[in-house]
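K.L.:
Need the 3D shape of this:
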Amino acid sequence: MNDEQADEISDSKNWVERLSHFFSGEPKTRDDLMEILRDAQKRELLDSEALPMIEGVLKVSELRVRDVMVPRAQMAVLHQDASLEDILSVVIDTAHSRFPVSGEDRSQVVGILLAKDLLPYVLRRKFNIPVKRLMRRALFVPESKRLNVMLREFRMRRQHMAIVIDEYGAAAGLVTIENILEQIVGDIADEHDLEEEYIFRRSNRVFTVKAITPIEEFNAYFDTDFSAEDFDTIGGMIVHTLGYVPKRGEQVALDSFLFEVLRANKRRVHLLKVKLKEPDTKHGYDMEA
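P.N.:
Reported below is the predicted structural model:
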(Lines give C-alpha, C1' and ligand atoms only; values in the text may rest on other atoms or scores of the structure.)
Protein backbone atom coordinates (compact mmCIF):
# COMPACT_ATOMS: atom_id res chain seq x y z
CA MET A 1 0.00 0.00 0.00
CA ASN A 2 1.42 3.35 -1.01
CA ASP A 3 1.20 6.59 0.99
CA GLU A 4 -1.57 8.04 -1.20
CA GLN A 5 -3.83 5.02 -0.65
CA ALA A 6 -3.11 5.15 3.08
CA ASP A 7 -4.10 8.83 3.19
CA GLU A 8 -7.35 8.11 1.36
CA ILE A 9 -8.26 5.34 3.81
CA SER A 10 -7.39 7.57 6.74
CA ASP A 11 -9.54 10.42 5.39
CA SER A 12 -12.45 8.02 4.83
CA LYS A 13 -12.19 6.72 8.39
CA ASN A 14 -12.12 10.28 9.73
CA TRP A 15 -15.25 11.19 7.79
CA VAL A 16 -17.09 8.04 8.95
CA GLU A 17 -16.06 8.77 12.53
CA ARG A 18 -17.39 12.32 12.24
CA LEU A 19 -20.66 11.07 10.79
CA SER A 20 -20.99 8.43 13.51
CA HIS A 21 -20.20 11.09 16.09
CA PHE A 22 -23.02 13.24 14.73
CA PHE A 23 -25.58 10.45 15.06
CA SER A 24 -24.34 9.37 18.48
CA GLY A 25 -27.06 11.29 20.25
CA GLU A 26 -24.84 14.04 21.64
CA PRO A 27 -26.01 17.67 21.24
CA LYS A 28 -24.93 19.08 17.87
CA THR A 29 -25.43 22.38 16.02
CA ARG A 30 -26.77 22.96 12.54
CA ASP A 31 -23.35 24.24 11.53
CA ASP A 32 -21.88 20.84 12.46
CA LEU A 33 -24.42 19.13 10.22
CA MET A 34 -23.76 21.44 7.28
CA GLU A 35 -20.00 20.93 7.65
CA ILE A 36 -20.47 17.17 7.33
CA LEU A 37 -22.79 17.57 4.35
CA ARG A 38 -20.41 19.93 2.56
CA ASP A 39 -17.63 17.46 3.17
CA ALA A 40 -19.85 14.73 1.69
CA GLN A 41 -20.42 16.87 -1.37
CA LYS A 42 -16.68 17.37 -1.84
CA ARG A 43 -16.31 13.60 -1.77
CA GLU A 44 -19.11 13.33 -4.37
CA LEU A 45 -21.38 11.46 -1.96
CA LEU A 46 -23.88 14.27 -2.64
CA ASP A 47 -24.31 15.84 -6.06
CA SER A 48 -24.23 19.58 -6.69
CA GLU A 49 -28.04 19.90 -6.53
CA ALA A 50 -28.65 17.80 -3.43
CA LEU A 51 -26.83 20.03 -0.95
CA PRO A 52 -28.77 23.24 -1.81
CA MET A 53 -32.01 21.27 -1.48
CA ILE A 54 -31.00 19.97 1.95
CA GLU A 55 -30.10 23.51 2.98
CA GLY A 56 -33.53 24.59 1.68
CA VAL A 57 -35.26 21.96 3.82
CA LEU A 58 -33.43 23.23 6.89
CA LYS A 59 -34.30 26.80 5.96
CA VAL A 60 -38.00 25.94 5.66
CA SER A 61 -38.06 24.91 9.31
CA GLU A 62 -36.84 28.39 10.28
CA LEU A 63 -38.97 30.57 7.99
CA ARG A 64 -42.55 31.63 8.65
CA VAL A 65 -45.47 32.17 6.32
CA ARG A 66 -45.02 35.95 6.33
CA ASP A 67 -41.53 35.50 4.86
CA VAL A 68 -42.77 33.98 1.58
CA MET A 69 -46.41 35.09 1.24
CA VAL A 70 -47.79 37.16 -1.62
CA PRO A 71 -48.78 40.52 -0.04
CA ARG A 72 -52.44 41.54 -0.16
CA ALA A 73 -51.69 44.43 -2.54
CA GLN A 74 -50.36 41.94 -5.11
CA MET A 75 -53.20 39.41 -4.88
CA ALA A 76 -55.54 38.95 -7.84
CA VAL A 77 -58.83 39.19 -5.91
CA LEU A 78 -62.35 38.56 -7.22
CA HIS A 79 -65.44 40.10 -5.58
CA GLN A 80 -68.08 37.67 -4.37
CA ASP A 81 -70.91 39.53 -6.15
CA ALA A 82 -69.11 39.75 -9.51
CA SER A 83 -70.48 37.67 -12.35
CA LEU A 84 -68.46 35.25 -14.45
CA GLU A 85 -68.62 37.75 -17.28
CA ASP A 86 -66.99 40.36 -15.02
CA ILE A 87 -64.10 38.17 -13.93
CA LEU A 88 -63.17 36.21 -17.06
CA SER A 89 -60.67 38.82 -18.26
CA VAL A 90 -58.84 38.70 -14.89
CA VAL A 91 -58.78 34.89 -14.91
CA ILE A 92 -57.41 34.81 -18.45
CA ASP A 93 -54.85 37.60 -18.05
CA THR A 94 -53.34 36.37 -14.78
CA ALA A 95 -53.52 32.66 -15.71
CA HIS A 96 -53.81 31.69 -12.04
CA SER A 97 -55.59 28.50 -11.05
CA ARG A 98 -56.93 29.85 -7.73
CA PHE A 99 -58.27 33.25 -6.70
CA PRO A 100 -59.15 34.73 -3.29
CA VAL A 101 -62.76 35.95 -3.18
CA SER A 102 -63.42 39.15 -1.22
CA GLY A 103 -66.43 40.52 0.60
CA GLU A 104 -66.66 44.23 1.34
CA ASP A 105 -62.96 44.89 0.60
CA ARG A 106 -59.70 43.09 -0.18
CA SER A 107 -58.93 42.56 3.50
CA GLN A 108 -62.07 40.45 3.93
CA VAL A 109 -61.54 37.16 2.09
CA VAL A 110 -64.60 34.93 2.18
CA GLY A 111 -63.55 32.05 -0.05
CA ILE A 112 -61.42 30.68 -2.89
CA LEU A 113 -62.45 30.31 -6.53
CA LEU A 114 -60.84 27.57 -8.61
CA ALA A 115 -60.50 28.44 -12.29
CA LYS A 116 -61.44 24.89 -13.27
CA ASP A 117 -64.84 25.31 -11.59
CA LEU A 118 -65.71 27.94 -14.22
CA LEU A 119 -65.42 25.58 -17.20
CA PRO A 120 -68.90 23.96 -17.04
CA TYR A 121 -70.57 27.38 -16.90
CA VAL A 122 -68.41 28.89 -19.59
CA LEU A 123 -69.12 25.97 -21.92
CA ARG A 124 -72.87 26.43 -21.33
CA ARG A 125 -72.40 30.20 -21.70
CA LYS A 126 -73.94 30.92 -18.29
CA PHE A 127 -72.04 34.12 -17.53
CA ASN A 128 -74.49 35.67 -15.07
CA ILE A 129 -73.58 33.31 -12.21
CA PRO A 130 -72.12 35.21 -9.21
CA VAL A 131 -68.71 34.19 -7.91
CA LYS A 132 -70.04 33.45 -4.42
CA ARG A 133 -72.07 30.53 -5.80
CA LEU A 134 -68.94 28.81 -7.09
CA MET A 135 -66.33 29.65 -4.45
CA ARG A 136 -64.96 27.09 -2.04
CA ARG A 137 -64.04 27.39 1.62
CA ALA A 138 -60.73 29.13 2.23
CA LEU A 139 -57.99 27.95 4.57
CA PHE A 140 -56.87 30.73 6.93
CA VAL A 141 -53.48 30.70 8.66
CA PRO A 142 -51.58 33.18 10.86
CA GLU A 143 -48.52 35.04 9.61
CA SER A 144 -46.37 33.36 12.27
CA LYS A 145 -46.97 29.77 11.15
CA ARG A 146 -43.73 27.97 10.32
CA LEU A 147 -43.32 26.84 6.72
CA ASN A 148 -42.66 23.19 7.58
CA VAL A 149 -45.92 23.11 9.55
CA MET A 150 -47.72 24.89 6.69
CA LEU A 151 -46.41 22.37 4.16
CA ARG A 152 -47.62 19.47 6.30
CA GLU A 153 -51.04 21.11 6.63
CA PHE A 154 -51.26 21.57 2.85
CA ARG A 155 -50.57 17.86 2.40
CA MET A 156 -53.05 16.76 5.07
CA ARG A 157 -55.85 18.98 3.79
CA ARG A 158 -54.97 18.42 0.12
CA GLN A 159 -55.03 22.15 -0.51
CA HIS A 160 -52.66 24.36 -2.46
CA MET A 161 -53.48 27.86 -1.19
CA ALA A 162 -54.10 29.50 2.16
CA ILE A 163 -55.09 33.04 3.13
CA VAL A 164 -52.67 34.62 5.58
CA ILE A 165 -54.35 36.75 8.23
CA ASP A 166 -52.87 39.35 10.56
CA GLU A 167 -53.49 39.79 14.29
CA TYR A 168 -56.81 41.52 13.57
CA GLY A 169 -58.15 38.75 11.33
CA ALA A 170 -57.74 40.73 8.11
CA ALA A 171 -56.15 39.17 5.04
CA ALA A 172 -52.47 40.11 4.93
CA GLY A 173 -51.66 38.02 1.85
CA LEU A 174 -51.74 34.48 0.54
CA VAL A 175 -49.35 31.54 0.50
CA THR A 176 -49.29 28.58 -1.86
CA ILE A 177 -47.61 25.21 -1.70
CA GLU A 178 -45.44 26.42 -4.58
CA ASN A 179 -44.16 29.34 -2.47
CA ILE A 180 -42.87 26.83 0.07
CA LEU A 181 -41.45 24.28 -2.36
CA GLU A 182 -39.50 27.04 -4.11
CA GLN A 183 -37.56 27.55 -0.88
CA ILE A 184 -36.29 24.00 -1.34
CA VAL A 185 -35.91 23.49 -5.08
CA GLY A 186 -35.67 27.07 -6.35
CA ASP A 187 -38.01 28.90 -8.72
CA ILE A 188 -40.66 26.70 -10.31
CA ALA A 189 -41.75 27.74 -13.80
CA ASP A 190 -45.31 26.69 -14.61
CA GLU A 191 -46.95 26.05 -17.97
CA HIS A 192 -48.15 29.66 -18.15
CA ASP A 193 -44.73 31.20 -17.72
CA LEU A 194 -43.17 32.62 -20.85
CA GLU A 195 -39.97 30.72 -21.60
CA GLU A 196 -37.64 31.78 -24.39
CA GLU A 197 -40.00 34.31 -25.93
CA TYR A 198 -40.25 37.80 -24.49
CA ILE A 199 -43.55 38.64 -26.19
CA PHE A 200 -46.63 36.41 -26.43
CA ARG A 201 -49.48 37.39 -28.72
CA ARG A 202 -52.90 36.76 -27.12
CA SER A 203 -55.00 38.41 -29.83
CA ASN A 204 -54.60 40.92 -32.64
CA ARG A 205 -54.41 43.79 -30.15
CA VAL A 206 -53.43 42.22 -26.82
CA PHE A 207 -50.00 40.85 -25.85
CA THR A 208 -48.30 39.49 -22.74
CA VAL A 209 -44.78 40.90 -22.43
CA LYS A 210 -41.97 40.08 -20.01
CA ALA A 211 -40.77 43.17 -18.18
CA ILE A 212 -37.18 42.16 -18.99
CA THR A 213 -37.89 42.49 -22.72
CA PRO A 214 -35.09 44.65 -24.20
CA ILE A 215 -36.31 47.96 -25.61
CA GLU A 216 -34.68 47.11 -28.96
CA GLU A 217 -36.61 43.84 -29.21
CA PHE A 218 -39.90 45.55 -28.31
CA ASN A 219 -39.24 48.21 -30.95
CA ALA A 220 -38.44 45.58 -33.57
CA TYR A 221 -41.58 43.57 -32.78
CA PHE A 222 -44.01 46.50 -32.74
CA ASP A 223 -42.18 48.82 -35.15
CA THR A 224 -41.83 51.49 -32.47
CA ASP A 225 -38.99 53.81 -31.52
CA PHE A 226 -38.90 53.92 -27.70
CA SER A 227 -35.57 55.26 -26.45
CA ALA A 228 -33.10 52.87 -24.81
CA GLU A 229 -30.73 55.56 -23.55
CA ASP A 230 -31.97 55.77 -19.94
CA PHE A 231 -33.13 52.15 -19.48
CA ASP A 232 -32.66 48.82 -21.25
CA THR A 233 -35.96 47.03 -20.70
CA ILE A 234 -39.69 47.62 -21.02
CA GLY A 235 -40.07 47.18 -17.26
CA GLY A 236 -37.44 49.84 -16.69
CA MET A 237 -39.29 52.18 -19.03
CA ILE A 238 -42.56 51.70 -17.12
CA VAL A 239 -40.89 52.30 -13.73
CA HIS A 240 -39.10 55.36 -15.11
CA THR A 241 -42.33 56.77 -16.54
CA LEU A 242 -44.29 56.33 -13.30
CA GLY A 243 -41.42 57.27 -11.00
CA TYR A 244 -41.99 54.24 -8.75
CA VAL A 245 -42.45 50.46 -8.92
CA PRO A 246 -46.14 49.91 -9.77
CA LYS A 247 -48.38 47.28 -8.23
CA ARG A 248 -50.38 44.63 -10.06
CA GLY A 249 -53.27 46.18 -11.99
CA GLU A 250 -51.73 49.63 -12.43
CA GLN A 251 -51.78 51.01 -15.97
CA VAL A 252 -49.86 53.56 -17.98
CA ALA A 253 -50.45 54.77 -21.55
CA LEU A 254 -47.46 55.39 -23.82
CA ASP A 255 -47.89 56.34 -27.46
CA SER A 256 -50.48 53.95 -28.91
CA PHE A 257 -49.99 51.35 -26.16
CA LEU A 258 -51.72 50.72 -22.84
CA PHE A 259 -49.42 48.88 -20.40
CA GLU A 260 -50.97 47.02 -17.45
CA VAL A 261 -48.94 45.35 -14.71
CA LEU A 262 -49.80 41.65 -14.34
CA ARG A 263 -47.03 40.61 -11.93
CA ALA A 264 -44.79 42.70 -9.71
CA ASN A 265 -43.21 42.78 -6.28
CA LYS A 266 -41.84 45.60 -4.15
CA ARG A 267 -38.59 45.70 -6.11
CA ARG A 268 -39.48 45.15 -9.75
CA VAL A 269 -42.11 44.53 -12.42
CA HIS A 270 -42.20 41.00 -13.85
CA LEU A 271 -44.99 40.74 -16.41
CA LEU A 272 -47.07 43.19 -18.45
CA LYS A 273 -50.20 43.15 -20.50
CA VAL A 274 -49.79 45.37 -23.56
CA LYS A 275 -52.82 46.52 -25.52
CA LEU A 276 -52.80 48.51 -28.74
CA LYS A 277 -55.24 51.34 -28.17
CA GLU A 278 -56.14 52.12 -31.77
CA PRO A 279 -56.03 50.29 -35.10
CA ASP A 280 -52.83 50.99 -37.01
CA THR A 281 -52.07 49.23 -40.26
CA LYS A 282 -48.36 50.05 -40.13
CA HIS A 283 -47.79 47.05 -37.85
CA GLY A 284 -48.68 44.72 -40.68
CA TYR A 285 -51.71 42.99 -39.13
CA ASP A 286 -55.39 43.58 -38.51
CA MET A 287 -55.71 45.70 -35.34
CA GLU A 288 -59.29 44.68 -34.62
CA ALA A 289 -59.48 42.71 -31.35
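
K.L.:
before we move on, what SS does residue 150 have?
P.N.:
Secondary structure assignment for residue 150 (DSSP: H, G, I helix; E, B strand; the rest coil): helix.

K.L.:
Same check on residue 45?
P.N.:
Under three-state DSSP, residue 45 comes out as coil.

K.L.:
What about it, how many residues nearby?
P.N.:
Residue 45 has 12 neighbours, counted by other C-beta atoms under 10 Å. For every residue, glycine as well, the C-beta is placed using N, CA and C.

K.L.:
Over to residue 218?
P.N.:
The number of residues near residue 218, taken as other C-beta under 10 Å, comes to 22.

K.L.:
domains of the chain?
P.N.:
If you go by automatic domain parsing, the domain ranges for the chain are 3-46, 66-185, 199-283.

K.L.:
I'd like the ones you listed laid out as JSON lines, including mean pLDDT and distance to residue 52.
P.N.:
What follows is the domains of the chain, written out as JSON lines (pLDDT from 0 to 100; distance: least, C-beta to C-beta, whole Å):
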{"stretch": "domain 3-46", "mean pLDDT": "62", "distance to residue 52": "10"}
{"stretch": "domain 66-185", "mean pLDDT": "90", "distance to residue 52": "9"}
{"stretch": "domain 199-283", "mean pLDDT": "86", "distance to residue 52": "22"}
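
K.L.:
Make TSV out of those domains and add distance to residue 53.
P.N.:
Output for the domains of the chain, formatted as TSV (distance: least, C-beta to C-beta, whole Å):
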stretch	distance to residue 53
domain 3-46	10
domain 66-185	6
domain 199-283	24
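
K.L.:
Do you have the helices of the stretch 101-250 of the chain handy? List them.
P.N.:
Assigned by DSSP state H, counting those that start in this stretch, the stretch 101-250 of the chain shows helices spanning 119-123, 147-157, 177-185, 215-222, 234-242.

K.L.:
Look up which residues are beta-bridged to residue 208.
P.N.:
Beta-bridge pairing of residue 208 under DSSP bridges involves residue 200, residue 273.

K.L.:
wait, it sits on residue 200?
P.N.:
Yes: counting by C-beta atoms under 8 Å, residue 208 does reach residue 200; the two are 4.5 Å apart.

K.L.:
Which one of the two is surrounded by more residues?
P.N.:
Using other C-beta under 10 Å as the criterion, residue 208 and residue 200 rank with residue 208 on top: 19 against 14.

K.L.:
From residue 264, how far out is the more buried one?
P.N.:
14 Å (C-beta to C-beta, to the nearest Å).

K.L.:
Could you do residue 122 as well?
P.N.:
When residue 122 is compared with residue 264 (using C-beta to C-beta), they lie 28 Å apart.

K.L.:
same deal with residue 230?
P.N.:
20 Å.

K.L.:
Looking at these two, which is more packed in?
P.N.:
Using other C-beta under 10 Å, the more surrounded residue of residue 230 and residue 264 is residue 264, with 23 against 9.
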